[in-house]
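Asker: would you be able to build a 3D model of this:
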Amino acid sequence: MPAWFTDAFPSDAELRWMNIVIRLLAALVLGSLVSIIYATTRRRHAAAATDLSQTLLLLAVVIAMITLAIGDSAARAFSLVGALAIVRFRSVVEDPRDTAFVILAVAVGLAVGAGFILVPLIGLPIAAIIAWAFCKNGRDAPFSAPSCRVILRTTPECPAGPIREALAAHLDRPLPRRIETVKQGTLVDVVYSGRMNRDGDGHALVRSLQACPGVVGVELVFPDKAMN
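Answerer: Modelled structure (predicted):
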C-alpha cells in the first residue's frame, strides 16, 4: 500500500487483514445462529421477531468490529464508551427474554472480536438448550395475541380505578410503564403495556378508556404491527 495510506492508519499494522475478515465472518455466522435460536423459540409475534432477529445479527458483527478496534488499549476502550454513551434508544424492550438475547449477541461479538472462538462455540449450544427448555408453545407463538402500548392523557384528579378496570377487561396483565406530567402539570401522561386478550378489540378498548372520567386522550400502539 502507498506510504501516505499506511501513515494515516498506523494502528492497522497491529492486525492482519485476513484475521479481521475471518473474525467478522465468524461473528456473522455465530450472530446468525443467535438470530435463529431467538426466532425459533420466540414468544412474540412473527413481525416483531423478524425485526429483533435482524438486530441480533447486526449487533454481533458491530460488537466484533468495536472489539477489534479497541484491541488491548484501555484508552480506546474508555474513548469508545464515552462516544457510545451519547446514543439513546426510544424502543422499550418489554420481554426480559429479548434482553437476554441482546446480551447473548453482544457476548458473541465480544468473544469473536477478542479472538476467543471457543467461548461462543461452547456457549451457544448451551444457550439454545436453555431457550428450547423454557419455550412454551413455540409453534403457536406467531398466532398469539399482539402486544400493545396504551398512552393515556388525563387530568391530575383522574381516578385510577375505572382505567384499571377498562384495561383489565381487554388486556392480559396490563403494567404501568411511565407516568409524567405535561403542560406545566395541568395534564398527566400514563403509559401502560400489555397483550390483547384472545377476544380483545382495540376499538372497544379505546372507547372504554375514553368513557373513563378524567381521560382527555387515548392512543393505542401496536409495536409489532400485528394488527396491520
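
Asker: C-alpha from now on. contacts and neighbour counts both.
Answerer: Will do.

Asker: just for the protein, where's the confidence low?
Answerer: 1-15, 43-51, 76, 79-95, 136-146, 223-228 (pLDDT under 70).

Asker: ok, which stretches of it are helices?
Answerer: 3-8, 17-40, 46-70, 74-84, 96-114, 118-133, 160-170, 202-210 (DSSP state H).

Asker: can I get the ones you listed in TSV including mean neighbour count and distance to G194?
Answerer: As requested, the helices of the chain are arranged in TSV below (neighbours: other CA atoms under 10 Å; distance: least, CA to CA, whole Å):
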stretch	mean neighbour count	distance to G194
helix 3-8	9	53
helix 17-40	19	21
helix 46-70	20	15
helix 74-84	12	31
helix 96-114	21	14
helix 118-133	14	23
helix 160-170	16	9
helix 202-210	17	12
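
Asker: how about TSV for those helices, with distance to L187 added?
Answerer: As requested, those are exported to TSV (distance: least, CA to CA, whole Å):
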stretch	distance to L187
helix 3-8	56
helix 17-40	40
helix 46-70	32
helix 74-84	34
helix 96-114	31
helix 118-133	43
helix 160-170	14
helix 202-210	15
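
Asker: so how far is A27 from A105?
Answerer: Distance from A105 to A27, counting by CA to CA, to the nearest Å: 9 Å.

Asker: please read the previous query as pertaining to P120.
Answerer: 10 Å.

Asker: so what touches stretch 147-164?
Answerer: 44, 185-196, 209, 212-224 (CA atoms under 8 Å, 6 or more residues apart in numbering).

Asker: weed out the non-buried ones from the residues you listed.
Answerer: 44, 187-196, 209, 212, 214-216, 218, 220, 222, 224 (16 or more other CA atoms under 10 Å).

Asker: for this protein, longest strand please?
Answerer: In the chain, taking DSSP state E as the definition, the longest strand is strand 171-182.

Asker: who does that one touch, helix- and strand-wise?
Answerer: strand 187-196 (3 or more CA pairs under 8 Å, 6 or more residues apart in numbering; DSSP states H and E).

Asker: can you list the domain ranges for the protein.
Answerer: 3-141, 145-221 (automatic domain parsing).

Asker: just to revisit the earlier point, give the buried residues for the longest strand of the chain.
Answerer: In strand 171-182, counting by 16+ other CA under 10 Å, buried: L171, D172, P174, L175.

Asker: note down every partner strand of it and its orientation.
Answerer: With DSSP bridges as the test, strand 171-182 is paired with strand 187-196 (antiparallel).

Asker: got the CA coordinates for the partner strand in CSV?
Answerer: Output in CSV follows, covering the C-alpha atoms of strand 187-196 (Å, rounded to 0.1, in the frame of the first residue of the first chain):
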residue,chain,number,x,y,z
LEU,A,187,-52.2,17.1,32.5
VAL,A,188,-50.6,13.6,33.1
ASP,A,189,-49.4,11.1,30.5
VAL,A,190,-49.6,7.5,31.7
VAL,A,191,-48.2,4.6,29.6
TYR,A,192,-49.4,1.0,30.0
SER,A,193,-48.2,-2.1,28.2
GLY,A,194,-49.8,-5.5,27.9
ARG,A,195,-51.1,-8.1,25.5
MET,A,196,-54.6,-8.1,23.9
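
Asker: quick one, it and helix 160-170 angle?
Answerer: Interaxial angle, strand 187-196 versus helix 160-170 (axes from the mean of the first three to the mean of the last three CA atoms, to 10 degrees): 20 degrees.
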